[in-house]
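Trainee: This is a predicted model, with the sequence first.
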Amino acid sequence: MASGGLILGAGSLGRLWAACLPPGAAAFVSRPGQSPSLYCEYRLQTLQGSSVNVSVPWQSLPAPYTPAALLVATKAMHALPALKGISESLPKSTPIVLFQNGLGSQQAVAEAFPKRPVIAATTTEGANRPQPDVVVHAGRGTTWVGSLNAAGNEALTPVVEFLFNSGLQVEATADITLRLWQKLVINAGINPFTALLDCPNGQILKQPLYLKHIDGVCEELARLMNHEGMLTNASRLRADIEVVARATTHNTSSMRSDVQNGRATEIDFINGYVAHRCEALNLAAPVNRMLTEQVHSITNNH
């Protein structure tokens, strides 16, 4: 494993990448204070419905090799603290590849490590963990990868080549920020409603809560995106959201799953990010602020 990669975050997405990369090409790295067993063992349910046993080693830092990349598959709020905990044991040349939902956490990492190669990724691969030792590859998608700083530009091609070994669809992009915004739009229009209504993605479309507020969500998003130089309109954003909601009609969003399991959600990096950024620019964002507060209320009381 002389050029293997490391994965920080052994949730559903981290485990999907570990399972899809060639045997020996990836290892999980533990966060400070964690003492995992020698191997992370689980079953992967493939898109074809077969079940594969997976065993991925846990690697302590510093590793006896220079990792090809560090894939950060934690929740958005955990990314920067986890990286700060291991950064001194990670070679300065190792690319950091961020797979977080929403916006805000990626920029914070890039600011904290200006001389390290920092790359962001956004994916439409579907993965979930119905049981602690089972990962379901629920949908085929595309992973877009792009650099967030100058050092990341130089590392982008080898990172894409490394990820390509997974057999998943991987594409480099010169404008990863636009891709991150496109993903944020979908998450902002689906995730809080599924969490508040406790329903799969497709069921939100006929619910009064969604029908009352979705136009407000999209109008606020469109105002902010236009201000940030990405020309769009609310009706286009709503159409994009509803295409995805219908295509993933039976899926449980990560935010709904987090609420069901009593975990903190990523709402502050999705609708909360929209509200915070709008307010900083003196743009009104009452609907995204309301949804953020409502999700906080059910997670605090869960």
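Mentor: Sure, I can see it.
Trainee: Please make it C-alpha for all contacts and neighbour counts, starting now.
Mentor: Will do.
Trainee: Can you give me the end-to-end span of stretch 154-172?
Mentor: Stretch 154-172 has an end-to-end distance of 12 Å (criterion: C-alpha to C-alpha, to the nearest Å).
Trainee: Could you check how far that stretch is from the centre of its chain?
Mentor: Stretch 154-172 sits 17 Å away from the centroid of its parent chain (C-alpha atoms, centre = their mean, to the nearest Å).
Trainee: same deal with stretch 172-185?
Mentor: Once both centres are worked out by C-alpha atoms, centre = their mean, stretch 172-185 turns out to sit 12 Å from its chain's centre.
Trainee: What mean pLDDT does stretch 271-281 get?
Mentor: Stretch 271-281 carries an average pLDDT of 97.
Trainee: correction: stretch 128-144
Mentor: The average pLDDT for stretch 128-144 rounds to 92.
Trainee: Just the buried positions in it, please.
Mentor: 128-129, 134-138, 143-144 (16 or more other C-alpha atoms under 10 Å).
Trainee: Nearest to Thr292 among those residues?
Mentor: Asn128 (23.3 Å; C-alpha to C-alpha).
Trainee: farthest pair in the buried residues of stretch 128-144?
Mentor: Val134 and Trp144 (25.5 Å).
Trainee: Contact partners for the closest residue to Pro200 other than its chain neighbours?
Mentor: The spatially closest residue to Pro200, leaving aside those adjacent along the chain, is Thr252, at 4.9 Å (C-alpha to C-alpha, 6 or more residues apart in numbering). Contact analysis of Thr252 by C-alpha atoms under 8 Å, 6 or more residues apart in numbering lists 194, 199-201.
Trainee: tell me the SS of Thr252?
Mentor: Following DSSP: H, G, I helix; E, B strand; the rest coil, the label given to Thr252 is coil.
Trainee: What distance do you get for Phe174 to Ala121?
Mentor: Careful, residue 174 is Ala and not Phe. In terms of C-alpha to C-alpha, Ala174 sits 12 Å off from Ala121.
Trainee: Mind pulling up the pLDDT for the residue nearest to Pro200?
Mentor: pLDDT recorded at Thr252 is 88.
Trainee: measure it to Leu168 for me?
Mentor: 22 Å.
Trainee: Tell me how far the worst-scoring helix or strand of the chain on mean pLDDT lies from the chain's centre.
Mentor: Sorted by mean pLDDT, DSSP states H and E, the helices and strands of the chain end with strand 126-131, the least confident at a mean of 88. Distance, stretch centre to chain centre, for strand 126-131: 14 Å (C-alpha atoms, centre = their mean).
Trainee: Can you show me the CA trace of it as PDB?
Mentor: Provided in PDB are the C-alpha atoms of strand 126-131 (Å, rounded to 0.1, in the frame of the first residue of the first chain):
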ATOM      1  CA  GLY A 126     -26.300   7.300  -2.800                       C
ATOM      2  CA  ALA A 127     -25.200   5.400   0.300                       C
ATOM      3  CA  ASN A 128     -26.800   4.600   3.600                       C
ATOM      4  CA  ARG A 129     -26.300   2.400   6.700                       C
ATOM      5  CA  PRO A 130     -29.500   0.700   7.700                       C
ATOM      6  CA  GLN A 131     -27.500  -1.200  10.200                       C
END
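Trainee: Give me the sheet partners of it and which way each runs.
Mentor: Its sheet considered, strand 126-131 pairs with strand 134-139 (antiparallel) by DSSP bridges.
Trainee: who's in contact with the partner strand?
Mentor: 12, 15-16, 42-47, 124-130.
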